[in-house]
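> Predicted coordinates and the sequence they were generated for:
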Amino acid sequence: MGEKLQNFKEMEEMVLRQGKQKVAVAAAQSEEVLIAVEYARKKGIVDSLLIGDCQKIEEICQRNGILLSEYETEEVEEPQAAAIRAVAAVKEGRAQLLMKGLLETGDFLKAVLNRETGIRSEKRLCSVVAIESQAISRLLVLADVGTNIAPDLDIKKSILENCMEVAQAMGIDRPKAAVLCAHEHVKEKDMPVTIQAALLSKMNERGQYGKPGIVEGPISMDIAVSPHAAKIKKFQGKIKGDADILLVPDLEAGNILIKGLMYLTNDIRVAGVGMGAKVPLILTSRGDDHDTKYYSIVLSSLISQFIQV
């Protein structure tokens with residue numbers, strides 16, 4: 001297993017040592033996307049295949065001083081068709097990564113998950129983010145923030161396995177996963193999600209996960225990330241402020257948590273990846289800036305290289 005990465009700079013350095021890959025960008029006529037892929041190209045992280053409305057792509061490139069001749073392009077005006085073409089490029093081996101540009105997430109995933117032409121796998125698709133914050137001295141993995149609305153026990157188990165793969169790609173041999181709830185005790189009537197959390201923890205004890213790691217739940221957010229809170233509350237579990245993975249109860253909790261962190265704090269950087277397909281999906285929100293999209297490219301490149309080993 002590789003070295004444990006503490007921040008995005010170390011992740012960037014690791015990817016540069018591993019070698020450059022190519023990303024197929026579906027509906028690439030997005031300013032923030034093109035700025036991100038240009039920065040990734042200049043840094044030597046990836047090359048890009050830009051698929052979409054080439055006139056609009058060229059206009060954006062001219063406004064931002066991007067030399068379009070440095071890129072391979074394919075003209076596909078309609079966004080849904082561009083997604084299908086980008087997925088085909090991955091299936092054909094012309095690209096190792098897939099990125100969503102200016103199109104709806106549903107249309108993008110429809111192309112990814114098509115049973116005949118897509119790149120779906122037997123795994124459950126989920127949206128995972130890596131978080132770098134000055135408040136803690138390590139990277140955190142958080143899920144699910146954008147795909148599974150109200151995951152049941154089996155889906156949460158699959159999400160955890162995807163998260164463990166992300167953590168292991170970041171050099172964490174045996175990641176600690178906190179199954180977050182509002183309370184660290186099982187409350188059957190008032191908080192049914194605490195029952196799922198306890199079951200997920202028990203399943204880990206019995207070796208029912210496909211990846212090595214520690215799963216603790218139910219556990220509150222403060223105990224998961226703060227050793228001080230764990231000490232004050234006299235928590236006796238396996239995770240005492242040193243969680244690597246945060247599994248939220250549902251999509252609403254995850255979405256609110258990550259957007260709250262992004263918009264209400266100044267010391268956080270985030271990278272997002274769609275896990276569960278045959279390749280990592282660079283699946284960022286339309287409102288994300290180019291820095292978030294760039295670090296998402298870096299994270300996805302790291303995971304892709306890890307999966308291939």
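Structure's in. What do you need?
> From what I see, residue 219 and residue 197 are in contact.
Yes: contact between residue 219 and residue 197 holds when scored by Cβ atoms under 8 Å: they sit 7.3 Å apart. No exception for glycine: its C-beta is placed from N, CA and C like everyone else's.
> shared neighbours of those two, which are they?
Residues touching both residue 219 and residue 197 (Cβ atoms under 8 Å, 6 or more residues apart in numbering): 179, 180, 181.
> So which of the residues you listed sit within helices?
Among the shared contacts of residue 219 and residue 197, no member is found in helices (DSSP state H).
> pLDDT (mean, whole number) over stretch 38-54?
The pLDDT scores in stretch 38-54 average 97.
> Show me how far that stretch is from its chain's centre.
A distance of 19 Å separates the centroid of the chain from that of stretch 38-54, by Cα atoms, centre = their mean, to the nearest Å.
> Compute the first-to-last residue distance for it.
Stretch 38-54 stretches 16 Å from its first residue to its last (Cα to Cα, to the nearest Å).
> ok, and what's touching the helix or strand where residue 59 lies?
Using DSSP states H and E, residue 59 maps to helix 54-63. With contact meaning Cβ under 8 Å, 6+ apart, helix 54-63 is reached by 28, 29, 30, 31, 34, 50, 66, 67, 68, 73, 74, 75.
> what helix or strand is the residue nearest the centre of the chain on?
Central residue of the chain (Cα atoms, centre = their mean): residue 273, 2.6 Å from the mean position. When elements are assigned from DSSP H and E, residue 273 belongs to strand 268-275.
> For the very next helix or strand once past that strand, which outside residues touch it?
Using DSSP H and E, the helix or strand that follows strand 268-275 in sequence is strand 281-282. Applying Cβ under 8 Å, 6+ apart, the contact partners of strand 281-282 are 23, 97-100, 112, 272-275, 293, 296-297, 300.
> same thing with stretch 42-51?
With Cβ under 8 Å, 6+ apart, stretch 42-51 has contacts from 12, 15-16, 20-28, 34, 37, 40-41, 57, 71-74, 76, 82, 85-86, 89, 94-95, 97, 99, 297-298, 301.
> returning to that earlier point: if you rank the contacts of strand 281-282 by neighbours, which is first?
The most crowded member of these, judged by other Cβ atoms under 10 Å, is residue 99 (33 neighbours).
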